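Trainee: quick one, what's the 3D model for this:
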Amino acid sequence: MQQQAHIIAQRLLNLYRQAHVISGGWAVVNRALLAESNDAQVIAELSNLPTGNKLIAHINNLRSGKTPMDSIDNDLLPYGGMMVGLDVNVSISKTEIEQLKQLLISFEPTPEKLEQIRQLPFVKNFGSDWETDIKSALVDDAEALAKWDMVIRTNKAYQMWDSAKQLLSENLTERNRAQIQADMPEFETYLPMFGEQGQDMLKKLRTFMSSLQ
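Mentor: Okay, here's the model as predicted:
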């Protein structure tokens, strides 16, 4: 029964987060929230999910009549009212969130710190969507969210560094030149994060690209 309650709680949380893209909006979503949240175990499961307590407060407002059936209190809007359009299916506990936040406090843009976060079991469970899915779970904590954006930038920087090294190790071809040209805005954004080495890499890419023109 607990597993079923968890599944229902997760579904309700997804509805709550995606109300802005659901036909009928809050009028439709709110009916579903009330219909499936009668079980105390579902509420208990919600309380253990990120932003779950906000959803519980919203459900309570609906049941009391404080909030109309086609509306939601502004303070309880998902994503703080910023409808970012994330299509998420987050399954991460409060304990895991706290573990991540502790690592974020000391996070620095180094390979070791990045790998420490990427090796967390619940981060690995999200597969290729780990950046956006974890971000959606942190959306109510501005400080943690800012740190997570640093994690995303760091990961992207090392991806661009590896891409640059690969391109410079290959033979000069029109295909490589076209790829460098297409990726140059990102190279210019992220390679400077590596200081002089990044600037030197950027210079080599520009030389590499212009040598075929």
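
Trainee: what stretches of this protein score poorly on pLDDT?
Mentor: Scanning the chain with the threshold set as pLDDT under 70 gives 1-3, 20-23, 79-91, 212-213.

Trainee: biggest helix in it, by residue count?
Mentor: In the chain, with assignment by DSSP state H, the single longest helix is helix 142-169.

Trainee: going on from it, what's the next piece of helix or strand?
Mentor: Using DSSP states H and E, the helix or strand that follows helix 142-169 in sequence is helix 174-190.

Trainee: following that next one, which helix or strand comes up?
Mentor: helix 195-210.

Trainee: flag every buried residue along that next one.
Mentor: Neighbour counts over helix 195-210 (16 or more other CB atoms under 10 Å) mark 198, 201, 202, 205, 208, 209 as buried. Where you see a C-beta, it was placed from the backbone N, CA and C, and this is true even at glycine.

Trainee: which of those residues sit farthest apart?
Mentor: Greatest spatial distance among the buried residues of helix 195-210 (CB to CB): 198 and 209, at 16.4 Å.

Trainee: how many degrees apart are the longest helix of the chain and helix 174-190 in direction?
Mentor: Following axes from the mean of the first three to the mean of the last three CA atoms, to 10 degrees, one obtains 150 degrees for the angle between helix 142-169 and helix 174-190.

Trainee: how close does residue 205 get to residue 160?
Mentor: Note on residue 205: its distance to residue 160, by CB to CB, to the nearest Å, is 10 Å.

Trainee: name the residues contacting each of the two.
Mentor: Each of residue 187 lies in contact with both residue 205 and residue 160 under the rule CB atoms under 8 Å, 6 or more residues apart in numbering.

Trainee: what comes up buried for stretch 10-30?
Mentor: Within stretch 10-30, the residues that count as buried by 16+ other CB under 10 Å are 10, 12, 13, 15, 16, 17, 18, 19, 26, 29, 30.

Trainee: max pairwise distance over those: which two?
Mentor: 10 and 26 (19.4 Å).

Trainee: domain parsing for this protein?
Mentor: The chain breaks down into these domains under automatic domain parsing: 2-81, 94-210.

Trainee: need the winner for burial among the ones you listed.
Mentor: domain 2-81 (a mean of 16; mean count of other CB atoms under 10 Å).
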